[in-house]
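Enquirer: A predicted structure for the sequence below; I have some questions about it.
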Amino acid sequence: MSLLPFFQWCYQSAIGEAIRDSTWVFPVIEACHLLGLGLTVGAVLIVDLRLLGVGLSRQPVAQLSGSTEPWLLGSVTLMFTSGVPLFLSEATKCYYSFPFWVKMTSLALVLLFTFTVRRRVTRAGLASEPPPLGRITALISLSLWFGVAWGGRWIGFS
Amino acid sequence: MSPLTFFGWLADSSWSVGLHESQYAYSIIESIHVWAMSVFFGLAVMFDLRLLDWTFRRVPISEFNRRVLPWTITAFVVMVISGMLLFYAIPLRSYQNIFFRTKMFLLLLAGLNVWFFHARVYPWVATWDVDAPPPRAARVAGALSLGLWIAIVVSGRMIAYNWFDCDRQPQSAIINFLTSCEPGEAGP
């Protein structure tokens, strides 16, 4: 079964059409989306650097994770609520865009990873010496977020 | 030589044209710019949130500054270099772009805020390192930084849109004044 009819339906939705009809709405939502990305990267990076043994390496992982988690949830929500309308306005283009699929795959994987494995690792309150598990968790998290940001930027170039 | 002539000359230079017309180089540099921006903006905001006492309350501010600032500065350097290359690829249009001008002005204000914080507030950090909340001056610097960087990211994103470009006339007189456009003259 092809997903194309679904993407076409999204494209023809009232929201998608309204965004396409306006000069300003798309860029403004896009800017919000970019701010959400920056905030997400900041919240992720503080914890992942810690897992790699750098940055705020003298603070307990669980504490940093607790401090950043509300901001991470908030920024992911912002990215999602701004990303969906952006998608609706150019859904058919996205269907044929390779970067879009890279981004969606990375996003699904990173969200799954962040709220399962990474959450467990950060909450376990690892010892101050970062064990291999922490480093691997951080590297997977950073690589997947890199895929999301790279794919996102390249949707616009295709 | 007026700035317009200078940036026009720069726009005609072979490296600038090459970068502008390249199939991948410009896009790659722009991706690096966005990537570095995310790291810089994200970490700068985390520090601002600490100054505002909104999170990381148990991390001393001096510790946060010492451990995180080198990463923030590294990302800033990458951002400035990639940003200069992006400007070099499209110099005349960027120079006249109203959002680019807004962004440069806001960057100046953000720079002054950084100077104010590090010259006038931070030197006495030992006396308020773990205070909750941090002193008013530190919170004001954090709030200003947060607001300015949000505005800088937004205006940076808007540079790509050509609503007020010189080759899209008629524009109101105030817009042509703010963008140094001379209507009647062929656009870049």
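Expert: It's in.

Enquirer: just so I have it, where are all the helices in the chain?
Expert: Answering for chain A, as no chain was given. Ranges of helices in chain A, per DSSP state H, are A:4-12, A:14-21, A:25-51, A:61-89, A:91-95, A:98-113, A:119-123, A:132-155.

Enquirer: I was after chain B.
Expert: Under the criterion DSSP H, helices of chain B are mapped to B:3-12, B:14-21, B:25-51, B:61-89, B:91-96, B:98-116, B:136-158, B:173-178.

Enquirer: Let me see the contact set for the residue of chain B found nearest chain A.
Expert: Going by C-beta to the nearest C-beta, chain A is nearest to residue B:42 of chain B, at 2.3 Å. Any C-beta I mention is one placed from the backbone N, CA and C, and that applies to glycine too. By C-beta atoms under 8 Å, 6 or more residues apart in numbering or on different chains, residue B:42 lies in contact with A:38-45.

Enquirer: out of these, which one sits closest to chain B?
Expert: Proximity of the contacts of residue B:42 to chain B (C-beta to the nearest C-beta) peaks at residue A:42, which lies at 2.3 Å.

Enquirer: Apart from its chain neighbours, what residue comes closest to residue A:42?
Expert: Excluding the flanking residues, the one nearest residue A:42 by C-beta to C-beta, 6 or more residues apart in numbering or on different chains is residue B:42, at 2.3 Å.

Enquirer: Close to chain A: what parts of chain B are there?
Expert: By the rule C-beta under 8 Å from any C-beta of the partner chain, the part of chain B lying against chain A is B:27, B:30-31, B:34-35, B:37-39, B:41-46, B:49, B:55-59, B:63-64, B:67-68, B:71, B:150, B:153-154, B:157-158, B:161, B:163.

Enquirer: Count the residues that sit near residue 67.
Expert: Assuming you mean chain A. Residue A:67 sits with 23 neighbouring residues when counted by other C-beta atoms under 10 Å in any protein chain shown.

Enquirer: ah, no, chain B please
Expert: Close neighbours of residue B:67, defined as other C-beta under 10 Å, add up to 19.

Enquirer: Tell me the helices and strands packed up against the helix or strand of chain A with the lowest mean pLDDT.
Expert: The helix or strand of chain A with the poorest confidence is helix A:119-123; it has a mean of 87 (mean pLDDT, DSSP states H and E). Packing partners of helix A:119-123 (3 or more C-beta pairs under 8 Å, 6 or more residues apart in numbering or on different chains; DSSP states H and E): helix A:25-51, helix A:61-89, helix A:132-155.

Enquirer: Direction-wise, compare the last one with helix A:98-113 and give the angle.
Expert: Comparing the axes of helix A:132-155 and helix A:98-113 via axes from the mean of the first three to the mean of the last three C-alpha atoms, to 10 degrees yields an angle of 150 degrees.

Enquirer: Same question for the second one.
Expert: Angular relation of helix A:61-89 and helix A:98-113 on a 0 to 180 degree scale: 150 degrees, by the same axes, to 10 degrees.
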